[in-house]
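Asks: Structure, please.
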Amino acid sequence: MKLSEYIINDIKPLKIESRVSDLQLLFNQLTFSHIPICNENNAFTGSFSEADAYCFEKTKSLLEYKYAIEDFFVQDTALWLDVLEAFAKNSTNMMPVLNDKNEYLGYYELNDIISLFSDSPFFTESGDVLVIEKGINDYSFSEVSQIVESNGGKILGAFISKTGSDLTQITLKIGQTDITDVIQTFRRYSYNIVSGHEQDGYIETLKERSDYLKKYLNI
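Replies: Next up, the predicted model:
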């Protein structure tokens, strides 16, 4: 299914000449964080946030608060991951969609875009989620793939879940293999294992040795 099929146009943008009371009324009726605005030529201008709208004087024109307009949007050709990123960057639950002429087509709703992610193999396929960590200049996705596949595994999804000045964390969804072998190989390649796993034989061995040492010292 094309992402453009998720475009909703049941809410028409307000005109920049509209009154603040009209904007506040829409926010009272809807659960959106932003409302799109068009100018007198029906060209998309941007969006007002709910937080700002209730700070404006009801009787004034939106034109007087043009400085508060936020200009985020996506093109109708944008990939869903780019759209999801735009949602996150702008802290909104509705995303205006424009065509190649920058004309307003409608909007995406955040829950619809998230549902596309939840329908991906990362969530639907059975497997183990593994979070690994290595120096920011020391890891490579080709090496990560080689480690998983050399143990008979299949990567169902992978993304950088955290990055800092020194370390990068990668979250993997791995299927078709025993996760213990994969974990052991990652350790041999100097990756830290951030997530805990009951099947992690390395941790179990350390625990057993620790328990044995405690018993020995207590004799």
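Asks: which ones are touching the closest residue to Ser18 other than its chain neighbours?
Replies: Using CB to CB, 6 or more residues apart in numbering and skipping residues adjacent in sequence, the residue nearest Ser18 is Leu62, 5.4 Å away. (C-beta placed from N, C-alpha, C; glycine too.) Leu62 makes contacts with Leu14, Lys15, Ile16, Glu17, Ser18, Arg19, Val20, Leu23, Ile37, Phe48, Phe56, as judged by CB atoms under 8 Å, 6 or more residues apart in numbering.
Asks: Within the helices and strands, which one has the closest residue to the first one other than its chain neighbours?
Replies: With sequence-adjacent residues excluded and distances taken as CB to CB, 6+ apart, Leu14 is closest to Ile37, at 5.4 Å. If you go by DSSP states H and E, Ile37 is part of strand 34-38.
Asks: Strand partners (parallel or antiparallel) of that strand?
Replies: Using DSSP bridges, the strands paired with strand 34-38 in its sheet are strand 14-15 (parallel), strand 44-49 (antiparallel).
Asks: Need the winner for burial among these.
Replies: strand 44-49 (a mean of 22; mean count of other CB atoms under 10 Å).
Asks: Give the next helix or strand downstream of that strand.
Replies: Next element after strand 44-49 (DSSP H and E): helix 50-53.
Asks: Buried residues, that following helix. List them.
Replies: For helix 50-53, burial by neighbour count (16 or more other CB atoms under 10 Å) applies to Glu50, Asp52, Ala53.
Asks: re the thing from before, could you measure from the residue nearest to Ser18 over to Ile37?
Replies: Per CB to CB, to the nearest Å, Leu62 is found 7 Å from Ile37.
Asks: residue contacts, the closest residue to Pro96 other than its chain neighbours?
Replies: Leaving aside its sequence neighbours, Pro96 sits nearest to Phe73 (CB to CB, 6+ apart; 4.2 Å). Applying CB under 8 Å, 6+ apart, we find Phe73 in contact with Phe44, Ala86, Met95, Pro96, Val97, Leu98.
Asks: follow-up on the earlier one: may I see the contacts of Leu62 organised as TSV, with distance to Arg188 and pLDDT added?
Replies: Below are these laid out as TSV (distance: CB to CB, whole Å; pLDDT from 0 to 100):
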residue	distance to Arg188	pLDDT
Leu14	60	95
Lys15	64	95
Ile16	62	94
Glu17	67	94
Ser18	64	95
Arg19	67	96
Val20	63	97
Leu23	60	97
Ile37	57	96
Phe48	55	97
Phe56	61	96
